[in-house]
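# need a 3D model of the following:
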Amino acid sequence: MKSIYVGNIPFRATEDEVREMFDPFGDVHEVKFVMDRETGRFRGFGFVRMDDAAALEAIEALDGKQLGGRALRINEARERSPRPQRQQSY
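Below you'll find the predicted structure:
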């Protein structure tokens, strides 16, 4: 199972629209848009989870495709590097 980064998504797009773009390449297990913690507004990027072979094919075919007048940036998601713990001050 691979996680695919999808960037430059129009703010009016829906998770269903993104799912429909990826569906022809295989089973889409999850589409998740990233929301701003403070405002709750969509941040313009998200992630799609698919089986490995389908994910690679979708990345190749969809990177740069237009959605709502914007060219999507699509690539294999990287694991987050661990954040350093913040110093607590009292």
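
# could you use CA atoms for every contact and neighbour count after this?
Will do.

# what is the lengthiest helix in the chain packed up against?
Ranked by residue count and defined by DSSP state H, the top helix of the chain is helix 52-62. On a contact count with 3 or more CA pairs under 8 Å, 6 or more residues apart in numbering; DSSP states H and E, helix 52-62 meets strand 2-7, strand 73-76.

# swap in 7 Å and give it another go.
strand 73-76 (3 or more CA pairs under 7 Å, 6 or more residues apart in numbering; DSSP states H and E).

# rewinding a little: mind listing what's buried in the longest helix of the chain?
A54, A55, L56, A58, I59, L62 (16 or more other CA atoms under 10 Å).

# that one vs strand 2-7, what angle?
Here the directions of helix 52-62 and strand 2-7 differ by 20 degrees (axes from the mean of the first three to the mean of the last three CA atoms, to 10 degrees).

# residues contacting helix 52-62, please?
M1, K2, F22, F25, G26, I74, N75 (CA atoms under 7 Å, 6 or more residues apart in numbering).

# mind listing what the third one touches?
When you say that, I think you mean F22. The contact partners of F22, by CA under 7 Å, 6+ apart, come to V28, A58.

# got the angle between the host helix or strand of it and strand 2-7?
If you go by DSSP states H and E, F22 is part of helix 15-22. Following the same axes, to 10 degrees, one obtains 120 degrees for the angle between helix 15-22 and strand 2-7.

# so how far is helix 15-22 from its chain's centroid?
Put simply, helix 15-22 sits 11 Å off its chain's centre (CA atoms, centre = their mean, to the nearest Å).

# quick check, pLDDT for E79.
Per-residue confidence (pLDDT) for E79: 79.

# separation between it and E20?
25 Å (CA to CA, to the nearest Å).

# so can I have JSON lines of the buried residues of helix 52-62 showing pLDDT and distance to D16?
What follows is the buried residues of helix 52-62, written out as JSON lines (pLDDT from 0 to 100; distance: CA to CA, whole Å):
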{"residue": "A54", "pLDDT": "97", "distance to D16": "18"}
{"residue": "A55", "pLDDT": "97", "distance to D16": "17"}
{"residue": "L56", "pLDDT": "96", "distance to D16": "20"}
{"residue": "A58", "pLDDT": "98", "distance to D16": "16"}
{"residue": "I59", "pLDDT": "98", "distance to D16": "18"}
{"residue": "L62", "pLDDT": "98", "distance to D16": "16"}
